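Peer 1: Sequence isn't available, so here's the structure alone:
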Ligand code: ZN
């Protein structure tokens, strides 16, 4: 697959396929979107929000979550805010998210099967891997928790607007979580 992508890429560049996408690093709409890596959202989310190349910083991870004060999503938001002029943040989780039901209990047998040694898993269990890999079970609650983690973060300034949403993974319909 990667080789196919490389061949496609060479043609894309040679045919100047990039020309409609040329922009700069500053988000034109002063917006950041924290969302899930789900493949259903790859094209749907920007299309459904009317976002074009250059409009917004789109930050993705499994679920669109903030798990700790030093989470990489927070780091990215801080870069967006202090370096790139982000003024508004949308947290967008989605219906039937794969990260909803994931659990370490389910991963563990697969990890063992794929050659991760039991002792390594023991070490990670003592570091709290079960909480780290635990899914969320209530999408609205996870949006609220994520919005709160950003709003209450000591390094996020009070003049940044943060709002939470759930997007329908099929239709792209947004509903705000208030
Ligand atoms: Zn998801």
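Peer 2: Cool, got the structure. Since the model is a prediction, treat every value here as computed from it, not as a measurement.
Peer 1: How about residue 56: which residues does it bridge to?
Peer 2: With DSSP bridges as the criterion, residue 56 is bridged to residue 31.
Peer 1: how close does it get to residue 36?
Peer 2: To residue 36, residue 56 is 15 Å away according to CB to CB, to the nearest Å. Just so you know, the C-beta spots here come from the backbone N, C-alpha and C atoms, and that holds for glycine as well.
Peer 1: so how far is the helix or strand of the chain with the lowest mean pLDDT from its chain's centroid?
Peer 2: Averaged element by element with mean pLDDT, DSSP states H and E, the chain has its least confident helix or strand at helix 129-132 (a mean of 91). Distance of helix 129-132 from its chain centroid, counting by CA atoms, centre = their mean, to the nearest Å, is 19 Å.
Peer 1: does the helix or strand that comes right after it come close to the ion?
Peer 2: Next helix or strand after helix 129-132 toward the C-terminus (DSSP states H and E): helix 139-151. No. Judged by CB under 5 Å from the ion, helix 139-151 stays clear of the ion, getting no closer than 9.3 Å.
Peer 1: change the start of the numbering to 44 and stick with it
Peer 2: All right, first residue 44 from here; so that's helix 182-194.
Peer 1: So which bits of helix 182-194 are buried?
Peer 2: 182, 185, 186, 189, 190, 192, 193, 194 (16 or more other CB atoms under 10 Å).
Peer 1: Against the ion, how distant is the closest residue in space to residue 139 that isn't next to it in sequence?
Peer 2: The shortest distance from residue 139 to any non-neighbouring residue, by CB to CB, 6 or more residues apart in numbering, is to residue 212 (5.7 Å). Residue 212 sits 8 Å away from the ion, going by CB to the ion, to the nearest Å.
Peer 1: can you tell me which residues contact residue 212?
Peer 2: Listed by CB atoms under 8 Å, 6 or more residues apart in numbering, the contact partners of residue 212 are 81, 83, 84, 87, 137, 138, 139, 140.
Peer 1: just so I have it, where are all the helices in this structure?
Peer 2: 45-57, 84-92, 115-127, 147-156, 161-169, 172-175, 182-194 (DSSP state H).
Peer 1: Compare these and say which comes out lowest on pLDDT.
Peer 2: Per-stretch mean pLDDT for those is lowest at helix 172-175 (a mean of 91).
Peer 1: contacting residues for residue 64?
Peer 2: Contacts for residue 64 (CB under 8 Å, 6+ apart) come out as 96, 97.
Peer 1: per-residue confidence for it?
Peer 2: Predicted confidence (pLDDT) for residue 64: 95.
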